[in-house]
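Peer 1: Fold the following, please.
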Amino acid sequence: MNPQNELSSLTELIFTLHNRVTVWKTISASNTGLSPSQSNALEIIGHNYSLKMKELASQLGVSTGTLTATIDRLEKKKLVVRKNSEHDRRSIMLYLTENGRALFLDNYKKQLEFTRAMTTSLTAADKKALLSALDCIVGKLREMTP
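Peer 2: Residues are numbered from 1 along each chain as shown. Modelled structure (predicted):
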């Protein structure tokens, strides 16, 4: 395959993967009564134990004003709590409640099953190569995006 065709194929596959995963995440979120943005926020907080509002907004690529509405809804559902930072009174820290942690863990189990289903036809060597390639790509994305 020539380099231009290879680049075109990679681009198509990357964006198809993104779109299909987004569809799955949207359906999965709606099954829990959350919007995709609420589900994404819950997931990121869950993986970090606690997080500053500003850090979460950055990871989601939204303003803190936009994030405030999402967090308000998660608080009303008793999934997240806000607390002032012990180290910087101007910073707001986000934590999952017990219910939020339970939902996060349930969603994470579903993500693991989804990943298992997607990769079931890969050999162990294929999985290792995929893991290495994705790790490299995600590292590059972190360099390229805020």
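Peer 1: Let me see the ranges of the helices in the protein.
Peer 2: Taking DSSP state H as the test, the helices found in the chain are 3-31, 36-48, 53-60, 64-76, 98-119, 124-144.
Peer 1: so how far is the fourth one off the chain centroid?
Peer 2: Helix 64-76 sits 16 Å away from the centroid of its parent chain (CA atoms, centre = their mean, to the nearest Å).
Peer 1: So which residue is dead centre in the protein?
Peer 2: residue 40 (5.0 Å; CA atoms, centre = their mean).
Peer 1: Is it in contact with residue 60, as I believe?
Peer 2: Yes: with contacts counted by CB atoms under 8 Å, residue 40 reaches residue 60, the gap being 6.1 Å. All C-beta atoms are positioned from the backbone trio N, CA, C, and that covers glycine.
Peer 1: buried set for stretch 15-31?
Peer 2: Within stretch 15-31, the residues scored as buried using 16 or more other CB atoms under 10 Å are 25, 28-29.
Peer 1: just curious, which of those is nearest to residue 91?
Peer 2: Set against residue 91, the nearest of the buried residues of stretch 15-31 by CB to CB is residue 29 (27.4 Å).
Peer 1: avg pLDDT for stretch 136-145?
Peer 2: If you average the pLDDT over stretch 136-145, you get 92.
Peer 1: and it, how far out from the chain's middle?
Peer 2: On CA atoms, centre = their mean, the centre of stretch 136-145 falls 15 Å from that of its chain.
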